[in-house]
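Give me a model of this one.
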Amino acid sequence: MTKLNRSVERSMKIIEVVSGSGVTSLAFLADQTGLPKATILRICATLVNQRWLTQSRSDSRYRIGPRFPRLESEPDSVDAIIEAGKLEIVALTKDTGLAVDLAVSIGNGRVEIVDTTRHFALHGIFPDTIGYRPSPFRSALGSAFLAALGTDERTSYVAKLAVNTRGRDREAALNFPNRLQDIRINGFAAREEAYWGRAVDYGGTPSAIGVAIHADNKAVGAISLVWLAEKQTVASVAAAHLERLTLAAHAIGRQLGSADGHNGQ
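Residues are numbered from 1 along each chain as shown. The predicted structure follows:
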């Protein structure tokens, strides 16, 4: 009988717990797997390095990462935008004092958040957003990306997405032509007021402004500044930080374009 690899077994056990729980602490993993915390830390460090798991900057909890094999995912593009943006989003937070979310295109006019600098103690808002797919019509990230697509592509996606939405999401989809005009005039997309609301039992309601990320003249993702709605207005944040946010988006796009060019040589 072939001897089994204990490290692989332990890794699979950890992934099963994280996948089933959504967001998982080290203590919970130890309780559920029966493994020593030191062993879990080593395995999780490897899985985080490979981006099969991600670890929150705010509280060190784990969740399934962007490179975990999924039929609908494009791990190369996800990994590339995380690599290109990891220093930029930290610098952007340092310069503005606000949290930053980074999202990548996952097809069909949608984006998924793949990295963030949110820290509850610093920003007072829900930090565990990696893996979340925000509304294309009501979120800053989703609508900034959708607005950056070509007319035919965007029209096709909006029509398809509108069919599969209800309630306020459907209203926002039908109103997107007006939202698109505002995005073009302002140079950014803003989160719809009270979108998400109090989705968790801590933290306040966030506001956000977002811009698209382009690489080689193609929209590939989006980046946003996020803050407590009660602290600042959209207008004041845009006036103070839109230029810096746009520069960060351009910098990430240039790095992605350079990486693609290098890979094609």
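
Can you tell me the strand partners of the helix or strand hosting residue 221 and which way each runs?
Applying DSSP states H and E as the criterion places residue 221 in strand 218-228. Next to strand 218-228 in the sheet, as set by DSSP bridges, lie strand 99-107 (antiparallel), strand 206-215 (antiparallel).

ranking these by mean pLDDT, which is last?
Comparing mean pLDDT across those, the weakest is strand 99-107, with a mean of 93.

In terms of secondary structure, what does the helix or strand following it contact?
The helix or strand immediately downstream of strand 99-107 is strand 110-116, counting by DSSP H and E. With contacts taken as 3 or more C-beta pairs under 8 Å, 6 or more residues apart in numbering; DSSP states H and E, strand 110-116 sits against helix 75-96, strand 99-107, helix 140-148. (Glycine included, C-beta is placed from N, CA and C.)

Quickly run through the sheet partners of strand 110-116, with directions.
Per DSSP bridges, strand 110-116 is paired in its sheet with strand 99-107 (antiparallel).

buried ones in the following helix or strand past the strand holding residue 221?
Sequence order places helix 234-263 as the next helix or strand after strand 218-228, per DSSP H and E. By neighbour count with 16 or more other C-beta atoms under 10 Å, helix 234-263 contains the buried residues 234, 237-238, 241-242, 245, 248-249, 251-253, 255-257.

ok, those residues vs residue 187, which is closest?
residue 242 (6.4 Å; C-beta to C-beta).

Was I right to think that closest one contacts residue 187?
Yes: using C-beta atoms under 8 Å, residue 242 is in contact with residue 187, at 6.4 Å.

so what sits against both of these two?
Common neighbours of residue 242 and residue 187 (criterion: C-beta atoms under 8 Å, 6 or more residues apart in numbering): residue 211.

Pretty sure residue 7 sits against residue 43.
Yes: contact criterion C-beta under 8 Å: residue 7 and residue 43 qualify, at 7.3 Å.

which one of these two has more residues nearby?
residue 43 (22 against 12; other C-beta atoms under 10 Å).

In terms of helices and strands, where is that one?
Using DSSP H and E, residue 43 falls within helix 37-49.

low pLDDT regions in this protein?
1, 4, 21-22, 57-59, 66, 69-76, 197-203, 259-265 (pLDDT under 70).

At the geometric centre of it, which residue do we find?
The centroid of the chain falls nearest to residue 113 when counting by C-alpha atoms, centre = their mean (1.3 Å).

for that residue, what are its contacts?
By C-beta under 8 Å, 6+ apart, the residues touching residue 113 are 101-103, 129-134, 141.

Residue 7 now?
residue 43.

do you know how far it is from residue 235?
Distance, residue 7 to residue 235, using C-beta to C-beta, to the nearest Å: 53 Å.

One more: residue 127?
Taking C-beta to C-beta as the measure, residue 127 falls 25 Å from residue 235.

go on, residue 179?
17 Å.
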